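Colleague: A predicted structure for the sequence below; I have some questions about it.
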Amino acid sequence: MQTTWKGTISFGLVSIPVHLYSATQEHDVPLHQVHEKDGGRVRMKRYCEREEKEIPYAEIAKGYESPDGRTVTLSDEDLADLPLPSKKIIDVLAFVDENEIDPLMFSKAYYVGVADKAAAKPYALLRDALTESGQIAVTKIALRTRESPAVLRVHDNTLVLQTCIWPDEVRPAAGIAPEGDVTVRPQELKMARSLMDTLSEDFDLSQLHDDYQQALQQVITARLEGVEVPHEEEPGEAPDNVIDLMEALRSSLKQAKGGRGDGGPGGAEDAEGEAPAPRRRAPAKKTGAKAAPKAAAKTSAGGSTGGSAKGSAKGPAAKKTTARKSSAPRKAS
């Protein structure tokens, strides 16, 4: 593995000579620019505007143009001699919990290896201290032409240096989330959690693959072999406005279940039956409404059993009974 940086980790009075190695790599299909008409390769040339000619890469330097139009030329030697301590030293500034660093700030990752055998013990000391504490080390490092904050953490028993962007380089998120008071009902939240649990079952991140690169390679192969380029069927349009959020969640949960019809806790049936909270509260109201008529009927059938029963006998029901009895002789005559 090619060394990216050589220097020292400064941990108090402890120094650890280390090398950095790039921890990630991207797999891209190499594409370059060509003339669409005839396929001729298009190449970029380094052209000097003042001399009006192409110049070799060895004569290229970096420059800065001031607001008033003046240009300052900086050579590689100027950049190499910057008075910057972090050029060769990773100075540990503090130890913090990992959740104190917003993941938005994380950038590129590097494996940290020892430069010699003598660095093995202090390396292991720092690694084990981070593992036992559950914390990460906050540092600074200068790579190429940029100084960046960074963190040291442990991955697979190996120290990893993760460069970060500066806090003021994180753009504010104001005005992006929906504005106003958006109310999420408890049953909707419960259904969403059920869907989350179902989608997370047996998930393996290592099984993900790059569909874009695979499809691009199929097109390139077809063109090389002179056969028809494969075409993917047009996917159906996704709904742009969810009217019934609960129904959309139920349908998503059923689809995620794959037709298994699980009836256990957290299954689609439980979620559907228990999610609408108003339906659970409604039966309690109906039961309370029916209790009073039943009690009144028992009192009428059993006669007066107490003061309250006598009071109810003298009410409107008693008047109606008297009226019916007095009207009976009239019908008979």
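Modeller: Right, received. Where do you want to start?
Colleague: Just the CA coordinates for stretch 146-164, please, in PDB.
Modeller: Extracted in PDB, the C-alpha atoms of stretch 146-164 (Å, rounded to 0.1, in the frame of the first residue of the first chain):
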ATOM      1  CA  ARG A 146      -4.500  22.200   3.000                       C
ATOM      2  CA  GLU A 147      -4.600  22.100   6.800                       C
ATOM      3  CA  SER A 148      -7.600  20.300   8.200                       C
ATOM      4  CA  PRO A 149      -9.000  19.300  11.500                       C
ATOM      5  CA  ALA A 150      -9.000  15.500  11.900                       C
ATOM      6  CA  VAL A 151     -10.000  12.800  14.400                       C
ATOM      7  CA  LEU A 152      -8.200   9.600  15.400                       C
ATOM      8  CA  ARG A 153     -10.400   6.600  16.000                       C
ATOM      9  CA  VAL A 154     -10.100   2.800  16.000                       C
ATOM     10  CA  HIS A 155     -11.300   0.500  13.200                       C
ATOM     11  CA  ASP A 156     -10.600  -3.200  13.100                       C
ATOM     12  CA  ASN A 157      -7.900  -2.800  15.800                       C
ATOM     13  CA  THR A 158      -6.200  -0.100  13.600                       C
ATOM     14  CA  LEU A 159      -5.900   3.600  14.200                       C
ATOM     15  CA  VAL A 160      -7.700   5.600  11.500                       C
ATOM     16  CA  LEU A 161      -7.200   9.300  10.800                       C
ATOM     17  CA  GLN A 162     -10.400  10.900   9.500                       C
ATOM     18  CA  THR A 163      -9.900  14.400   8.100                       C
ATOM     19  CA  CYS A 164     -12.700  16.900   8.600                       C
END
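Colleague: Flag every buried residue along it.
Modeller: Residues of stretch 146-164 classed as buried under the neighbour-count rule (16 or more other C-beta atoms under 10 Å) are 147-154, 159-164. C-beta here means a position set from N, CA and C on the backbone, and glycine is covered the same way.
Colleague: ok now it, how far from the chain's centre?
Modeller: 21 Å (C-alpha atoms, centre = their mean, to the nearest Å).
Colleague: Residues contacting that stretch, please?
Modeller: With C-beta atoms under 8 Å, 6 or more residues apart in numbering as the test, stretch 146-164 has contacts from 9, 18, 20, 23, 84, 86, 90, 92, 98, 101, 105-113, 123, 126-127, 130-131, 136-143, 165-166.
Colleague: Just the buried residues of those residues.
Modeller: 9, 18, 20, 23, 86, 90, 92, 101, 105, 109-112, 123, 126-127, 130, 136-143.
Colleague: Strands of this structure, start to end?
Modeller: Using DSSP state E, the strands found in the chain span residues 3-11, 14-22, 47-48, 53-54, 62-65, 71-74, 89-91, 94-97, 106-114, 135-143, 146-155, 158-164.
Colleague: Not counting the third one itself, show me its contacts.
Modeller: Contacts with strand 47-48, where a contact means C-beta under 8 Å, 6+ apart, come from 53-55.
Colleague: Any idea which of the strands of the chain gets closest to residue 29?
Modeller: strand 14-22 (20.2 Å; C-beta to C-beta).
Colleague: which other helices and strands contact that closest one?
Modeller: Packing partners of strand 14-22 (3 or more C-beta pairs under 8 Å, 6 or more residues apart in numbering; DSSP states H and E): strand 3-11, strand 106-114, helix 120-133.
Colleague: follow-up on the earlier one: who wins for most neighbours among the contacts of strand 47-48?
Modeller: The most crowded member of these, judged by other C-beta atoms under 10 Å, is residue 55 (12 neighbours).
Colleague: Find the nearest non-adjacent residue to it, please.
Modeller: residue 48 (5.0 Å; C-beta to C-beta, 6 or more residues apart in numbering).
Colleague: And for residue 101?
Modeller: residue 151 (6.2 Å).
Colleague: For the one you found, name its beta-bridge partners.
Modeller: residue 138, residue 162 (DSSP bridges).
Colleague: From residue 31, how far out is it?
Modeller: According to C-beta to C-beta, to the nearest Å, residue 151 stands 34 Å off from residue 31.
Colleague: Could you do residue 64 as well?
Modeller: Taking C-beta to C-beta, one finds residue 64 at 32 Å from residue 31.
Colleague: Residue 157 and residue 150, how far apart?
Modeller: With C-beta to C-beta as the criterion, residue 157 and residue 150 are 20 Å apart.
Colleague: same deal with residue 233?
Modeller: 46 Å.
Colleague: and what of residue 81?
Modeller: Taken as C-beta to C-beta, the span from residue 81 to residue 150 is 23 Å.
Colleague: One more: residue 197?
Modeller: Taking C-beta to C-beta, one finds residue 197 at 36 Å from residue 150.
Colleague: likewise residue 47?
Modeller: Here residue 47 is placed at a distance of 38 Å from residue 150 (C-beta to C-beta).
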